[in-house]
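**Student:** After the sequence you'll find the predicted model.
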Amino acid sequence: MSHLAHTNNPAKFEIGTYLRFAQDGQYTSAFSYLQPFVAQAPQNPDLLELVSECYWQLGMKQRSLSVLQLVVQMYPQRQQSIFCLAGRLGQIGQTEAAKAIYHALIQDNPDNVDAYIGLTFVEDLQPGNPTTERLRQFLDDPSLSRNNRYTLLTALGHILKKHSPDEAFMLFTQSNALQEAPYSPTEIENEVEAQGKAFKSPVRIAQPPQGNVPNFAFIVGLPRSGTTLLDAMLTRHPEIASTNESTELVGARKMAQTLAEIKEQDGPANYWSWTNTVGQSTLEHARSSFFSNVHLPVGAKPSLVINKLPHNRFELGFAQMILPQNRSIFLMRHPLDVGLSLFTTNLKDGYEYTRRLEWIGHMIRQTYRSLDDFKSKLGDSLRVQSYRALVTNTEPQMQAILNHLEMPWDPACMSPESSEQAMVTAYSAQVRNGVNSSGLGKWQKFECHLAPLIDALGGWRWIKDWEARDADLG
């Protein structure tokens, strides 16, 4: 859908405008942009799907589902809406409803490969299961799309990994080979190098925000390190709300950077150099943009708002500049478990480094290089949290986390599986099982395949040093 013409209004809907809002996490602005077009074409399914997406991203999941259900009722053959509805039901834990949709699609069309793929996310499939065997058969079809092929390879890998780890790893490798995209180690190294030079100790900050605004905290780390689990635990607290993985901090940084670079005739010397000369008015403008794009569940009036976008691990210096009272938590999970999980998960745009084990190792090293720099400059506002300690000694660790966030203890935080929020990450299914230690030591079964990752990390000496550091955290 590129545009929508109207008889009463010559204006055209431009998908590019919507996408620019969405890419910056500005879903309130995106929704406002959609409204006049929806008013003129209230039954247009493309527009209604975008409205549903806005509601979903703004935390209004029931409204999002209601809009999708309306689209499905009006257009019962519209497959993309049906699949979107099933996927979102699965994300909020309504797996039986999601399974019913997928099974109905398969009953109508036994060759519906997308429905079979959907089932892999909501059913505990085992080797030899009829559904598993049907997945294998699909792989023999030369007309299978590239997207479906790599998704099927990964799904089969997860089904087989407990019983046939060697075959499973082969499938994961084939899947990543189909998805391989460029990754620039030098670019990441330059960014971290620039961070070290630009941010001083203490980090230069704007004036604290005025008025009755909640405090903010950022849960960061490498993807697949437990950020979703901690987010689900914290949002069980009655005084804490989450924006999930929204990108308002990144959007505010881009705004500040753009405004700062306009004032620098020669442009910035490096990725972060603009932070040394940026004016207070620019920082305050960026903060206002950040506040305007923070969207909480309807009716929520929290004392603390958290964001769990893992990539914000590189944005902590800027967060301190515009939100000097913010607190942050970096999740540490064993690098081989993280590396294995990244390699075996179909992450999309922005995660190109997950296609090769050596690239994953490089990103892990650069992430810890960035962490160590920020730890020396942000002091007590940054807590480094062991994932291992969190899942094996949960209550004392959660008490310490809440103390760090300056929040009172609440026993509800011990039951993340009861969270009603939509969890839209690859880790959501594990969180639905509650706090447990099943995510520890998974790499050991695949150690013989992880040599490129181990080498890129710096060998076993670096890994042992990491383990000693983790042990010191409790």
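**Tutor:** Cool, the structure landed.
**Student:** got the contact list for the residue lying closest to Ser418 once chain neighbours are set aside?
**Tutor:** Of all residues not flanking Ser418 in the chain, Arg236 sits nearest, at 6.6 Å (C-beta to C-beta, 6 or more residues apart in numbering). In short, each C-beta sits where N, CA and C put it, glycine included. With contacts defined as C-beta atoms under 8 Å, 6 or more residues apart in numbering, Arg236 is in contact with 410, 412-416, 418-419.
**Student:** what's the closest of these to Ala241?
**Tutor:** Ser419 (11.6 Å; C-beta to C-beta).
**Student:** all strands for this structure, in order.
**Tutor:** Secondary structure of the chain (DSSP state E): strands located at 215-221, 240-242, 304-307, 327-332, 382-386.
**Student:** of all these, which lies closest to Ala98?
**Tutor:** Nearest of these (C-beta to C-beta): strand 240-242, 22.6 Å.
**Student:** Give the other helices and strands that the longest helix belonging to the chain contacts.
**Tutor:** Ranked by number of residues, the top helix in the chain under DSSP state H is helix 357-378. If you count contacts as 3 or more C-beta pairs under 8 Å, 6 or more residues apart in numbering; DSSP states H and E, helix 357-378 packs onto helix 185-198, helix 316-322, helix 335-343, strand 382-386, helix 451-457.
**Student:** for the ones you listed, which one sits closest to Gln179?
**Tutor:** helix 335-343 (11.1 Å).
**Student:** if I look at the closest residue to Asn215 other than its chain neighbours, how far off is Thr28?
**Tutor:** Distance criterion C-beta to C-beta, 6+ apart; nearest residue to Asn215, sequence neighbours excluded, is Leu304 at 5.1 Å. Shown here: Leu304 relative to Thr28, a distance of 21 Å by C-beta to C-beta, to the nearest Å.
**Student:** How about Gly379?
**Tutor:** 34 Å.
**Student:** go on, Asp470?
**Tutor:** Here the criterion is C-beta to C-beta. By it, Asp470 lies 40 Å from Thr28.
**Student:** Can you give me every residue that contacts the nearest residue to Phe216 once chain neighbours are set aside?
**Tutor:** Among residues not flanking Phe216 along the chain, Asn326 sits closest, at 4.7 Å (C-beta to C-beta, 6+ apart). Applying C-beta under 8 Å, 6+ apart, we find Asn326 in contact with 215-218, 319-320, 381.
**Student:** Ok, Pro209 next?
**Tutor:** For Pro209, the contact set (C-beta under 8 Å, 6+ apart) comprises 287, 291, 323.
**Student:** I'd like to know how many residues surround the first one.
**Tutor:** If you count neighbours by other C-beta atoms under 10 Å, Arg287 ends up with 21.
**Student:** what domains does the record give for the protein?
**Tutor:** As recorded under automatic domain parsing, the domains making up the chain are 1-76, 124-179, 187-471.
**Student:** how distant is stretch 284-299 from the center of its chain?
**Tutor:** 19 Å (C-alpha atoms, centre = their mean, to the nearest Å).
**Student:** Now do it: everything it contacts.
**Tutor:** The contact list for stretch 284-299 (C-beta under 8 Å, 6+ apart) reads 24-29, 57-60, 206-207, 209, 213, 241, 243, 246, 248-249, 251-253, 255-256, 259, 302, 305, 322-323, 421.
**Student:** Tell me the pLDDT of Asn8.
**Tutor:** Asn8 carries a pLDDT value of 44.
**Student:** again but with His295, I slipped
**Tutor:** The confidence metric pLDDT takes the value 77 at His295.
**Student:** sorry, back to before: cross the contacts of stretch 284-299 against helices and list the overlap.
**Tutor:** Per DSSP H, the contacts of stretch 284-299 map to helices at 27-29, 57, 248-249, 251-253, 255-256, 259, 322.
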